[in-house]
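Asks: Quick check, what structure comes out for this input:
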Amino acid sequence: RKRLLPFEKAARWTRTQLWTWGVFGSIPPQKGFVWAFVNRGETFVGAPVVTGKRVVVASRSGGVFAVDSDSGEELWTFRASDVVVASPSAAGDALFLGDVGGTLHAIDAASGEAMWQLHVGPPITSTPVFAGGTLYLTSEDGGLVALE
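Replies: Modelled structure (predicted):
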């Protein structure tokens with residue numbers, strides 16, 4: 001374990017805070033830091049999902065962003081038809097994402113292209129779950145939907 005220099009932790013914290021306020025153009029180097037993906041116009045929701053060499057995250061605006069897991073560089077962006085409040089999920093070569101307009105989106109994980117959409121009705125407020133060949137999701141009206 002490397003020894004910290006006096007005030008090193010406080011200096012790193014201060015520089016990080018100044019970066020979030022736009023004073024510095026890049027995030028300060030951290031011990032163990034690999035990369036950061038920042039899109040200041042977006043509010044990310046839920047947890048990222050990792051599929052292959054991609055890390056995928058959804059934004060409240062309906063944006064879905066895939067970044068390279070090694071470099072953090074953006075690979076593609078997908079736009080859902082409405083606001084998103086939960087994480088996407090991955091199964092095989094597809095990502096699944098619900099929006100508050102009640103639409104379930106299937107997205108090609110490699111390209112970010114829409115594979116299909118299905119309007120299920122009420123707002124989808126949870127992360128879709130794939131198990132045993134069935135996709136499960138819940139909606140704001142208390143519904144549980146299973147799709148094969």
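Asks: show me what contacts the most centrally placed residue in the chain?
Replies: Nearest residue to the geometric centre of the chain (Cα atoms, centre = their mean): Val57, 0.9 Å. When contacts are counted by Cβ atoms under 8 Å, 6 or more residues apart in numbering, Val57 touches 37, 44, 46, 48-49, 64-65, 67, 87-88. Using the backbone N, CA and C atoms, a C-beta is placed for each residue, glycine as well.
Asks: Beta-bridge partners for it, please?
Replies: Phe65 (DSSP bridges).
Asks: show me where pLDDT drops low in this structure?
Replies: The model of the chain has pLDDT under 70 over residues 1-5, 29-33.
Asks: Could I get the full set of strands for it?
Replies: 44-51, 54-59, 63-68, 74-79, 89-91, 94-98, 103-108, 114-119, 129-131, 134-138, 144-147 (DSSP state E).
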